[in-house]
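Chemist: for reference, the sequence and a predicted model appear below.
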Amino acid sequence: MDPRALYTRSLDQLAMVFAGVTPADLDRPTPCTEYDLRTLLGHVVGGIHRIAYVGEGGRALDLAATVGEIDDTDWSGALDRARARVAAAWSDDATLDRVVDAPWGEAPGRLVLTGYLTEAVTHTWDIAQVVAPAEALDEELALISLGMAQQVLPADGDRTGSPFAALRAVPAEADAYSRLAGWLGREVPLAG
């Protein structure tokens, strides 16, 4: 699979959610409990720069996972700059099959980019819970990301040392984003 179109789609959706961020929101907590919204936005933009750097041939852990200071009114601009960089870095088809250095080890570029797809989709949900909880998100992206998360993080696996909490139960009728969030250990708000 070529994950570039899906990753671009996930960044388009992320841009829609970023557009709803106001300076008044930046100190609010997020479902990604170690981050307030400002820190999570910095982590997301930093992650996009990191996967761009990997596509450019760099080692992932040589680049910080978060960006430095961003003006409170420039989060969408920061995201746009990161998006342009990642599009250029992954434009060559050969990058997909080249072994690249990810935070978790070496793997083919297409696999690493798919991991970053799951990160972008998950953090889109995290941010949307703060700024637009009723916003309809792309269900297909969540289903693909959930499938990846289930392969990498088995339900009964040890998550010690990983950034993911233990699996949380969600209602059987939950949408794909809620199931993904629960799989990654996030507290999922109950409907109603």
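Modeler: Now that the structure is in, tell me what you want to look at.

Chemist: just say helix, strand or coil for residue 106.
Modeler: Put simply, residue 106 is strand when judged by DSSP: H, G, I helix; E, B strand; the rest coil.

Chemist: please shift the residue numbers so they start at 52 in all later answers.
Modeler: Sure, I'll start numbering at 52, so the last one becomes residue 157.

Chemist: burial of the residue nearest to it when sequence neighbours are not counted, as a residue count?
Modeler: Closest residue to residue 157 apart from its sequence neighbours, by Cβ to Cβ, 6 or more residues apart in numbering: residue 150 at 5.3 Å. The way it works is simple: take the backbone N, C-alpha and C, and place the C-beta from them, glycine included. Counted with other Cβ atoms under 10 Å, residues neighbouring residue 150 total 11.

Chemist: so what's residue 150 up against?
Modeler: Residue 150 makes contact with 157, 158, 159, 160 under the criterion Cβ atoms under 8 Å, 6 or more residues apart in numbering.

Chemist: redo that, cut-off 7 Å
Modeler: Residue 150 sits next to 157, 158, 159 when contact means Cβ atoms under 7 Å, 6 or more residues apart in numbering.

Chemist: across the sheet, point out what pairs with it.
Modeler: residue 159 (DSSP bridges).

Chemist: where are the low-confidence patches of the protein?
Modeler: 208-213, 241-243 (pLDDT under 70).

Chemist: what ranges do the helices span in it?
Modeler: For the chain, applying DSSP state H gives helices covering 55-69, 88-106, 126-140, 145-148, 160-182, 190-203, 227-234.

Chemist: which of those helices sits closest to residue 77?
Modeler: Between residue 77 and the helices of the chain, the tightest spacing by Cβ to Cβ is seen for helix 88-106, at 4.0 Å.

Chemist: thought residue 167 was touching residue 103?
Modeler: No - applying Cβ atoms under 7 Å, one finds residue 167 not in contact with residue 103, separated by 9.7 Å.

Chemist: more neighbours, those two?
Modeler: With neighbours defined as other Cβ under 10 Å, residue 167 and residue 103 compare such that residue 167 has more, 25 against 21.

Chemist: residue 69 and residue 131 touch, don't they?
Modeler: No - counting by Cβ under 7 Å, residue 69 stays clear of residue 131, with 9.0 Å between them.

Chemist: those two: who's more crowded?
Modeler: Using other Cβ under 10 Å as the criterion, residue 69 and residue 131 rank with residue 69 on top: 21 against 15.

Chemist: who's in contact with the more buried one?
Modeler: Contacts for residue 69 (Cβ under 7 Å, 6+ apart) come out as 126, 127, 130.

Chemist: run a quick neighbour tally on the last one.
Modeler: Applying the criterion other Cβ under 10 Å, we find 22 residues in the vicinity of residue 130.

Chemist: with residue 104 instead?
Modeler: Around residue 104 there are 19 residues (other Cβ under 10 Å).
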